[in-house]
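J.: Pasting a predicted model and its sequence here:
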Amino acid sequence: MGKKIYVGNLPYTISNDDLASAFADFGNVESAKIITDRDTGRSKGFGFVEMSSDDEAASAIEALNGKDFNGRNLTVNEAKPQAPRDNNRGGGHRGGPRGGNRF
């Protein structure tokens, strides 16, 4: 199983293919994904790369963390599992009519 790598401080103009190419020198890139805003479709400035082996991932992290990439110093480290979400997306309403009491 491959290692998933977090890549932060990316230029907002980078594509998934550009990201994959940056990591290809260190081994087989299984996937490369720039994270985008779901409303605007614009890059959020970070993404994830999955390498085919732990050794390849470690080599990429060591070589690219802190390095300049199109004028920005990359943050590259092992991706951490996403924390579970609680599906309460704000609002503070616990049932009842919105806007307070209407009676």
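T.: Here it is on my side, so go on. Numbers count the residues shown, from 1 in each chain.
J.: Direction included, what does the strand or helix carrying Ile34 pair up with?
T.: Using DSSP states H and E, Ile34 sits within strand 29-36. When pairs are called by DSSP bridges, strand 29-36 turns out to pair with strand 43-51 (antiparallel).
J.: Now do the buried residues in the strand it pairs with.
T.: Residues 43, 47, 49-51 are the ones in strand 43-51 that count as buried (16 or more other CB atoms under 10 Å). Placement of C-beta: from N, CA and C, glycine included.
J.: so how far is it off the chain centroid?
T.: Relative to its chain's centre, strand 43-51 lies at 4 Å (CA atoms, centre = their mean, to the nearest Å).
J.: could you give me the average pLDDT of it?
T.: On average, the pLDDT along strand 43-51 is 97.
J.: hmm, who's touching it?
T.: 2-14, 16, 19-20, 23, 26-37, 57, 60, 79 (CB atoms under 8 Å, 6 or more residues apart in numbering).
J.: Can you list the residue ranges for strands in the chain?
T.: 4-8, 29-36, 43-51, 68-69, 72-73, 75-78 (DSSP state E).
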